[in-house]
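> Next come a sequence and a model predicted from it.
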Amino acid sequence: MATGGAVHTIKPSTTPTTMQWPDLPGDLLGTVYSRLTGPLDRLRFAAACRSWRAAAIASRHLAPPSLPWFIYNNYYTEKHRLYCPEYASVLRIPLLTKVSPKKFVGCHDGGWVAATGDNKQIRILNISGTEIELSPKQRTVAFCEYHLSPPSVIRKIIFSQPPTSDNCILAATSNSCGIALCRVGCPEGGWTTNGLPRENLIDIAFSS
């Protein structure tokens with residue numbers, strides 16, 4: 001720049017003016033997270049780095065509700081898949097493929113499913129990789145087998161609360177004989193049918 005015949009040289013600042021992605025302020029990250037409607041986008045956001053994961057945890061209450069995912073298994077291949085309607089895409093579920101349950105008989109918010117296999121053993125699984133440890137008494141349900149041939153098969157299991165809660169009660173109904181109840185936090189109690197309806201039921205649900 002010339003002033004009165006003199007020439008002055010202006011040197012650029014050596015101080016960086018750009019902010020690194022992990023250093024973005026928490027309130028800004030929270031605003032971004034609150035605009036993500038898809039669960040996959042939220043997972044990717046939280047997986048970016050520690051500061052973004054902390055922002056995701058702090059902003060969970062701001063996130064809008066998302067469409068539920070659908071878990072299904074192929075009748076012929078018995079492979080389990082997860083369909084995400086917001087992305088119109090199908091994902092594999094490594095955990096459920098590993099344990100290979102034959103049939104889904106119930107579900108609960110948070111990715112929980114109740115499944116049974118050829119041995120009729122009940123398993124409470126989560127698509128994240130978590131499994132609720134059930135006692136031997138909780139893994140099988142005895143309805144009224146004494147007069148049934150073939151034995152009754154579990155038609156549906158419903159959850160009163162998330163299965164991680166000690167107060168969670170499971171209710172099961174079979175294809176031919178009544179209701180059975182089980183409290184997850186009481187492994188020695190197992191399933192009971194005492195005082196419960198024994199007729200063939202179409203459906204069951206908790207109501208409070």
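Alright, I've got the coordinates. Numbering: from 1, shown residues only.

> remind me which residues of this structure are low pLDDT?
Within the chain, the stretches with pLDDT under 70 are 1-17, 74-78, 93-102, 143-151, 176, 197-198.

> Show me the strands in it, by range?
Assigned by DSSP state E, the strands in the chain fall at 2-3, 6-7, 70-73, 80-84, 89-92, 103-108, 112-116, 122-126, 131-132, 154-159, 169-174, 179-183, 191-192.

> quick one, which of those strands is nearest to Asp27?
Evaluated with CB to CB, those place strand 80-84 nearest to Asp27, the distance being 28.9 Å. No exception for glycine: its C-beta is placed from N, CA and C like everyone else's.

> ok, now which ones touch the residue nearest to Leu24 when sequence neighbours are not counted?
Take Leu24 and drop its neighbours on the chain: the residue closest to it by CB to CB, 6 or more residues apart in numbering is Ser51, 7.5 Å away. By CB atoms under 8 Å, 6 or more residues apart in numbering, the contact set of Ser51 is 22-24, 26, 29.

> Please check the residues you listed and keep the buried ones.
Leu29 (16 or more other CB atoms under 10 Å).

> mind putting the contacts of Ser51 in TSV, distance to Arg42 included?
Listed next are those as TSV, based on distance: CB to CB, whole Å:
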residue	distance to Arg42
Pro22	18
Asp23	21
Leu24	17
Gly26	16
Leu29	12
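
> Neighbours of the closest residue to Lys156 other than its chain neighbours, how many?
In space, and not counting its chain neighbours, Lys156 is closest to Thr173: 5.2 Å by CB to CB, 6+ apart. For Thr173, the neighbour count with other CB atoms under 10 Å is 25.

> mind listing what the residue nearest to Val184 when sequence neighbours are not counted touches?
Among residues not flanking Val184 along the chain, Cys168 sits closest, at 4.4 Å (CB to CB, 6+ apart). Each residue near Cys168 by CB under 8 Å, 6+ apart is listed here: 159-162, 183-185.

> What is the nearest of these to Glu199?
Nearest to Glu199 among the contacts of Cys168, counting by CB to CB, is Ser160 at 21.9 Å.
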